[in-house]
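S.K.: sequence and predicted model, in that order:
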Amino acid sequence: MKRTSLLRATPTTATLTVKPSKCKACRLPFFRASAWQTHCRSEACAVAALEAAREKRERAESRAHRLKLADSKPLSHWHALTQAAVNALVQARDRGKPCISCGATSAAQWDAGHYMSRGANPALRYELANLAVQCVACNRFKSGNQAMFRIGLLARIGLAEVERLEGPQPLAKHTRESLAALRKWASAEKRRVQKEAE
């Protein structure tokens, strides 16, 4: 039995061609010494590579710090941010309307007043039907001027909706994530209302 050689009789003429990479700093072509090398070997590019690595590390540390700081804040902080976003939406929605309680058309400052108070009815805290623009005098100095608020609310949203607000409400359970989603929605809705008003 005749044995054949494992080596080919004719040698191959293929050659390996290596393409140069572009330096991320100076954009000039260079040949990599390793697969993870991104900069050429000039001193300026080495300094740029170190600077880029430092900035990346600082961004990661800063993000981790922000997340840690956010975790340490109480839920009341997130409620305050969400209430501010919802109040801004109500003020954009009711812009140009008079005070729902006294009918004043000009005021030193406008507030977003609650018909059913936040303390007594936390489930209605962010309910848009429960909120309307009020002058500071009614909202802060007359405790919301509730009797007149109800009359104004009846004219705006009707008896059935007012009775729904005055009826029993489910227990409100808010998390940081649900408040963040509500803030995002309120901000987007405010932008939409402002765009429509233009």
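M.R.: Structure received. Residues are numbered from 1 along each chain as shown.
S.K.: ok, which stretches of the protein are helices?
M.R.: 43-72, 75-93, 136, 146-157, 159-166, 176-197 (DSSP state H).
S.K.: redo those as CSV? Include mean neighbour count.
M.R.: In short, each C-beta sits where N, CA and C put it, glycine included. Formatted as CSV, those follow (neighbours: other C-beta atoms under 10 Å):
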stretch, mean neighbour count
helix 43-72, 11
helix 75-93, 17
helix 136, 16
helix 146-157, 16
helix 159-166, 13
helix 176-197, 14
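S.K.: and of these, who's closest to Ser106?
M.R.: helix 136 (11.6 Å; C-beta to C-beta).
S.K.: could you list the low-pLDDT ranges of the chain?
M.R.: The chain contains residues with pLDDT under 70 at 1-14.
S.K.: nearest approach to Lys19 belongs to which of the helices of the chain?
M.R.: Among the helices of the chain, helix 43-72 comes nearest to Lys19, with 18.9 Å by C-beta to C-beta.
S.K.: on that earlier part again, tell me which of the helices of the chain approaches Thr15 most closely.
M.R.: Closest to Thr15 of the helices of the chain, according to C-beta to C-beta: helix 43-72, at 29.3 Å.
S.K.: for that closest one, the distance to its chain's centre please.
M.R.: Chain-centre distance of helix 43-72: 22 Å, with C-alpha atoms, centre = their mean, to the nearest Å.
S.K.: which elements pack onto it?
M.R.: For helix 43-72, not one helix or strand is in contact under the criterion 3 or more C-beta pairs under 8 Å, 6 or more residues apart in numbering; DSSP states H and E.
S.K.: next, the angle helix 75-93 makes with it.
M.R.: Between the axes of helix 43-72 and helix 75-93, defined by axes from the mean of the first three to the mean of the last three C-alpha atoms, to 10 degrees, the angle is 90 degrees.
S.K.: tilt between helix 43-72 and helix 176-197?
M.R.: Inter-element angle recorded for helix 43-72 and helix 176-197: 100 degrees (by the same axes, to 10 degrees).
S.K.: could you dump the helices of the chain into JSON lines and include distance to Ala123?
M.R.: Shown next, in JSON lines, are the helices of the chain (distance: least, C-beta to C-beta, whole Å):
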{"stretch": "helix 43-72", "distance to Ala123": "25"}
{"stretch": "helix 75-93", "distance to Ala123": "13"}
{"stretch": "helix 136", "distance to Ala123": "26"}
{"stretch": "helix 146-157", "distance to Ala123": "17"}
{"stretch": "helix 159-166", "distance to Ala123": "10"}
{"stretch": "helix 176-197", "distance to Ala123": "13"}
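S.K.: what comes up buried for stretch 107-119?
M.R.: Residues of stretch 107-119 classed as buried: Ala107, Trp110, Asp111, Ala112, Gly113, His114, Tyr115, Met116 (neighbour count, 16 or more other C-beta atoms under 10 Å).
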